[in-house]
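*Asks:* My questions are about this predicted structure, shown below with the sequence.
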Amino acid sequence: MAYEQGYDVLRLIEHSESCYVSSEYVRGRTLIRYIREEKEIEKEQLFAWMRKMAGTLACVHKCRGAPCYQYVNPYSMIIAEDEELYFLDLKAASNQEMLIRMQKRTIREHFLPEEEAYYQRASVTLDLYGLARTYQYLLAETEVLPDLNKKEILKLEKIISRCLNRQSKKACQSAQEIKRMIPSYKNEEEKERSKGKYFRKWLYIAAAVVVIILGRSIFAENSHSTNSYSEKSHAINSGNDVKAAETKTGIDEKEAAAYTAGKKETAEQMQTTEMELGSLYFLKLEDYEKSRQHFEAACAGTKKTDKESGIAAGMAAVSACLAEKTLPEEELKQALEQTALLLDGKEDAIYYRCVLKGYTCLDAKEQREELLRLGIQYRALGEKEGQEEVTQWMAMAYEQNGKKSDAAKMYEELLAVEGKRAEREELYRKVTELFLADKKNDDAMRRIREGVIEYPDSLELQVLKLRVTCKEKEKNRGACRKALERAVKNRTDIQKNEDFRKLLQEQGFQMKGEKVCEKE
């Protein structure tokens, strides 16, 4: 593709908590043109661009004066020759024609909400709204290679929904938050490297079991043939045909019974292997089509018990539902309910996790309650494997069902075992906000203090601590004001933080230099 046109684009430089803007010239084409000409996009490239869009906006919002980009749409983004994504420098004279074009109604109505008919007002939420519409347009007008899986689709739908529903309590508040939510992509080779050791170990075990089973079966058949031949020879050589025939018949019956029993045992062991492989594909690799194939294979032939056959059939149905691009929710619900009825005891621990994971794809309150019931049962089994994953699912279910304190306790359990800084900061934030929403201010302050002590350089946690402080001191505005003023003196960059400015506005304060004053 020849890139005949050049554009002045933003070049953003981050330094600590600040961001600086300059401009540079690149040859490329607008994102809208790229979409119309190419039609296909690699999944890795899609996620990279989505992350870059959110990261660029986050950086713009951190610039001096906290500006907004305002014109967030596929017309304002440039794909350079090296396939890097940039935002147009809208202050450059060379881009004024594009700016006028973006103000046309046919473009505005697609990337602005109905109540904001013109690009006159600028705000972070409108930038995020335009970003979500751009994501929607990308997904609708291109074919992603390879296809997005169910988990990725759900993540992207969640991001878009939280940006478009601006009045919702769960609405996204910052572009940085969106950037963190973009799914990560690993190609097959990278997946193999990252998960290969674990998965190959289980494949080797499964293969070894199959080889042993088949070897045992072949040995039994060979023994059967050899013994039959020896007995026949002995009978002929002895000349006692009648007695030999009687002896041979007795031995054949015993050997036939042993052979039948061995064959049944082989089939049962093969079923167990197929069940294990189905679970691995379901939980670890999220390849639901392969999972379905293995669970269906476990349904074929001799079964150990009716219960295991029922679980295999149920999980085959669950896998089939999740493998569909358009999720048949009612079918999935029925398959999960039928499978859950068969679960009982530690021997079913891995199937508990499979069913629980299936329930995370359903969004009704009743299904989340069922997830919590099964999660409590699973935790009671005392199984170590999968505990963190199940705790995460239960925390989300409690939160979505409005049980804030229960959700906070679940997230606290995750905080106790999580080791990565980004995840720990997010957990400190989530636990504090849940306690605060449940009017448990003491618990909220206890937890946020721990977070600030652990990460004293985290601006987000510092601002959240101020929010809790002001909540505690609602009847003492002077104490709240002093806390805010003290924070400004300790960290001058806090004034640029959007959450801090929002807190000032909520409390009825404004900044005058480094002084926090009553709003006039």
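*Replies:* That came through fine.
*Asks:* The stretch 351-500 of the chain: helices as residue ranges?
*Replies:* 365-380, 387-400, 404-417, 421-437, 441-454, 459-472, 477-490, 498-507 (DSSP state H, counting those that start in this stretch).
*Asks:* Dump stretch 102-111 to PDB, restricted to CA.
*Replies:* Provided in PDB are the C-alpha atoms of stretch 102-111 (Å, rounded to 0.1, in the frame of the first residue of the first chain):
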ATOM      1  CA  MET A 102     -15.400  15.700  11.500                       C
ATOM      2  CA  GLN A 103     -17.900  18.400  12.400                       C
ATOM      3  CA  LYS A 104     -20.300  17.200   9.800                       C
ATOM      4  CA  ARG A 105     -23.600  15.800  11.100                       C
ATOM      5  CA  THR A 106     -23.100  12.400   9.400                       C
ATOM      6  CA  ILE A 107     -19.900  11.800  11.400                       C
ATOM      7  CA  ARG A 108     -21.000  13.500  14.600                       C
ATOM      8  CA  GLU A 109     -24.100  11.400  15.100                       C
ATOM      9  CA  HIS A 110     -22.000   8.200  15.100                       C
ATOM     10  CA  PHE A 111     -19.400   9.200  17.600                       C
END
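*Asks:* Would you mark the buried spots in that stretch?
*Replies:* Neighbour counts over stretch 102-111 (16 or more other C-beta atoms under 10 Å) mark 102, 107-108, 111 as buried. Glycine gets a C-beta too; all of them are placed from N, C-alpha and C.
*Asks:* So in the chain, where's the weakest helix or strand by average pLDDT?
*Replies:* Using mean pLDDT, DSSP states H and E, helix 188-238 stands out as the lowest-scoring helix or strand of the chain, at a mean of 49.
*Asks:* Quick one: residues in contact with stretch 72-81.
*Replies:* 3, 7, 9, 26-32, 34-35, 53, 57, 69, 85-88, 90, 98, 101-102, 107, 110-111, 126-127, 129-131, 133-134, 137-138 (C-beta atoms under 8 Å, 6 or more residues apart in numbering).
*Asks:* Please state the offset of that stretch from the chain centre?
*Replies:* 27 Å (C-alpha atoms, centre = their mean, to the nearest Å).
*Asks:* can you give me the end-to-end distance of it?
*Replies:* 21 Å (C-alpha to C-alpha, to the nearest Å).
*Asks:* Secondary structure of residue 82: a strand, I assume?
*Replies:* No - under the criterion used here (DSSP: H, G, I helix; E, B strand; the rest coil), residue 82 is coil, not part of a strand.
*Asks:* nearest to residue 49, of the helices of the stretch 351-500 of the chain?
*Replies:* Proximity to residue 49, assessed across these by C-beta to C-beta, is greatest for helix 421-437 (21.4 Å).
*Asks:* export that closest one as CSV, just CAs?
*Replies:* C-alpha atoms of helix 421-437 as CSV (Å, rounded to 0.1, in the frame of the first residue of the first chain):
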residue,chain,number,x,y,z
ARG,A,421,2.0,-4.4,42.0
ALA,A,422,-0.6,-3.4,39.3
GLU,A,423,-3.0,-6.1,40.5
ARG,A,424,-2.4,-5.2,44.2
GLU,A,425,-3.1,-1.5,43.6
GLU,A,426,-6.3,-2.4,41.8
LEU,A,427,-7.4,-4.7,44.7
TYR,A,428,-6.7,-2.0,47.3
ARG,A,429,-8.8,0.4,45.3
LYS,A,430,-11.6,-2.0,44.7
VAL,A,431,-11.8,-3.2,48.4
THR,A,432,-11.7,0.4,49.7
GLU,A,433,-14.5,1.6,47.3
LEU,A,434,-16.7,-1.4,48.2
PHE,A,435,-16.4,-0.8,51.9
LEU,A,436,-17.0,2.9,51.3
ALA,A,437,-20.1,2.2,49.2
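*Asks:* So what touches it?
*Replies:* 180, 399, 404-405, 407-408, 411-412, 414-415, 418, 441, 443-444, 447-448, 450-451, 454-455, 458, 460-461, 464, 467-468, 471.
*Asks:* In helices only, show me the contacts of stretch 72-81.
*Replies:* Using DSSP state H, the subset of the contacts of stretch 72-81 located in helices is 31-32, 34-35, 53, 57, 98, 101-102, 107, 110-111, 126-127, 129-131, 133-134, 137-138.
*Asks:* Filter those residues down to the buried ones.
*Replies:* Buried residues within the ones in helices among the contacts of stretch 72-81, counting neighbours by 16+ other C-beta under 10 Å: 31-32, 34-35, 53, 57, 98, 102, 107, 111, 126-127, 129-131, 133-134, 137-138.
*Asks:* Low-confidence regions, this protein specifically.
*Replies:* 1-4, 15-17, 186-271, 301-305, 325-326, 473-475, 520 (pLDDT under 70).
*Asks:* Name the helix or strand for residue 45, please.
*Replies:* Secondary structure assignment for residue 45, by DSSP states H and E: helix 43-61.
*Asks:* Would you write a ChimeraX line that selects the buried entries of the contacts of helix 421-437?
*Replies:* Buried members of the contacts of helix 421-437, defined by 16+ other C-beta under 10 Å, are picked up in ChimeraX with:
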select :399,404,407,408,411,412,414,415,441,443,444,447,448,451,455,458,460,461,464,467,468
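*Asks:* how close does residue 462 sit to residue 167?
*Replies:* To residue 167, residue 462 is 27 Å away according to C-beta to C-beta, to the nearest Å.
*Asks:* Tell me which of the two has more neighbours.
*Replies:* Using other C-beta atoms under 10 Å, the more surrounded residue of residue 462 and residue 167 is residue 462, with 21 against 6.
*Asks:* Please tell me how far that one sits from residue 130.
*Replies:* Counting by C-beta to C-beta - residue 462 and residue 130 are separated by 29 Å.
*Asks:* next one: residue 146
*Replies:* Relative to residue 130, residue 146 is positioned 28 Å away (C-beta to C-beta).
*Asks:* closest one to residue 46 among the helices of the stretch 351-500 of the chain?
*Replies:* helix 421-437 (22.3 Å).
*Asks:* Give the buried residues for that closest one.
*Replies:* Buried residues in helix 421-437 (16+ other C-beta under 10 Å): 424-437.
*Asks:* of the residues you listed, closest to residue 275?
*Replies:* residue 427 (34.4 Å).
*Asks:* Which residue is the nearest non-sequential neighbour of the closest one?
*Replies:* residue 415 (4.4 Å; C-beta to C-beta, 6 or more residues apart in numbering).
*Asks:* Which neighbouring residues are in contact with the one you found, exactly?
*Replies:* Residue 415 makes contact with 424, 427-428, 431, according to C-beta under 8 Å, 6+ apart.
*Asks:* Which of these lies at the shortest distance from residue 283?
*Replies:* In terms of C-beta to C-beta, no member of the contacts of residue 415 lies closer to residue 283 than residue 427, at 22.8 Å.
*Asks:* name the element residue 297 belongs to?
*Replies:* helix 288-299.
*Asks:* Who are the packing partners of that helix?
*Replies:* Under the contact definition 3 or more C-beta pairs under 8 Å, 6 or more residues apart in numbering; DSSP states H and E, helix 288-299 sits against helix 241-280, helix 306-323.
*Asks:* Show me what that helix is in contact with.
*Replies:* Contacts to helix 288-299, defined as C-beta under 8 Å, 6+ apart, come from residues 150, 271, 274-275, 277-279, 281-282, 308-309, 312-313, 315-316, 319-320, 322-323.
*Asks:* repeat that with 10 Å
*Replies:* Residues outside helix 288-299 that contact it (C-beta atoms under 10 Å, 6 or more residues apart in numbering): 149-150, 206, 270-283, 285, 287, 304, 308-324, 354, 358.
*Asks:* and what of stretch 336-347?
*Replies:* 305-318, 321, 348-349, 351-352, 354-359, 361-362, 367, 370-371, 373-374, 377-378, 381-383.
*Asks:* quick revisit: tabulate the buried residues of helix 421-437 in a markdown table, adding columns for distance to residue 492.
*Replies:* Output for the buried residues of helix 421-437, formatted as a markdown table (distance: C-beta to C-beta, whole Å):
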| residue | distance to residue 492 |
| --- | --- |
| 424 | 26 |
| 425 | 22 |
| 426 | 26 |
| 427 | 28 |
| 428 | 24 |
| 429 | 23 |
| 430 | 28 |
| 431 | 29 |
| 432 | 24 |
| 433 | 26 |
| 434 | 31 |
| 435 | 30 |
| 436 | 26 |
| 437 | 30 |
